[in-house]
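> Sequence plus predicted model, see below.
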Amino acid sequence: MKKKLLALIPYLVIILACYLICPLFAHDASSTVTVLSIVIPLIVGVSSIVFGYSQGFSVPLLIASAVLFLPTLFFMIHPSGWIYLPIYVAVSAVGMIIGMLLEKKL
């Protein structure tokens with residue numbers, strides 16, 4: 001169990017860095033929407049695919065991914081950005097499933 005949780009750390013660091021750094025590039029409404037709708041889901045999805053390929057599906061990664069977004073939501077984005085939280089969790093789940101399927105086919 002401890003080994004599985006330790007395997008999460010590099011992916012969580014990437015996701016946390018994405019959540020904290022990407023919004024800094026959003027200067028107006030359109031760039032904020034672009035960052036929140038395209039850039040962050042893309043980074044979360046790719047890291048989840050890689051995780052799913054190497055580790056399989058992980059509910060703790062989904063939960064941690066959601067919790068790590070909360071500081072960004074309150075400090076960098078207006079709280080109306082709650083809609084993005086389930087989207088990022090869903091992208092992460094789909095990414096892990098795709099990674100698992102790729103691992104089985106390769």
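Good, I have the coordinates.
> Please count neighbours and contacts with C-alpha atoms only from this point.
OK.
> In the protein, which residue is most central in space?
For the chain, Val44 is the residue whose C-alpha lies nearest the centre (CA atoms, centre = their mean; 3.3 Å).
> and it, what does it touch?
Ile15, Cys18, Tyr88, Val91, Ser92 (CA atoms under 8 Å, 6 or more residues apart in numbering).
> from those residues, which two are the most distant?
Pairwise distances across the contacts of Val44 peak at 14.2 Å for Cys18 and Val91 (criterion: CA to CA).
> neighbour-wise, which of these two wins?
Neighbours were counted for Cys18 and for Val91 using other CA atoms under 10 Å; Val91 has more, 22 against 17.
> Mind telling me what element the more buried one is part of?
helix 84-105 (DSSP states H and E).
> tell me what that helix is packed against?
Packed against helix 84-105 by the contact rule (3 or more CA pairs under 8 Å, 6 or more residues apart in numbering; DSSP states H and E) you find helix 40-55, helix 59-75.
> please redo it, this time with the cut-off set to 6 Å
Judged by 3 or more CA pairs under 6 Å, 6 or more residues apart in numbering; DSSP states H and E, helix 84-105 is in contact with helix 40-55.
> Format the CA atom coordinates belonging to the lowest-mean-pLDDT helix or strand in the chain as CSV.
The weakest-scoring helix or strand in the chain, judged by mean pLDDT, DSSP states H and E, is helix 29-34 (a mean of 88). Listed in CSV are the C-alpha atoms of helix 29-34, where the atom choice follows Å, rounded to 0.1, in the frame of the first residue of the first chain:
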residue,chain,number,x,y,z
ALA,A,29,-11.2,36.3,-19.4
SER,A,30,-10.4,34.5,-22.7
SER,A,31,-7.0,33.4,-21.6
THR,A,32,-8.4,32.1,-18.3
VAL,A,33,-11.0,30.1,-20.1
THR,A,34,-8.3,28.7,-22.4
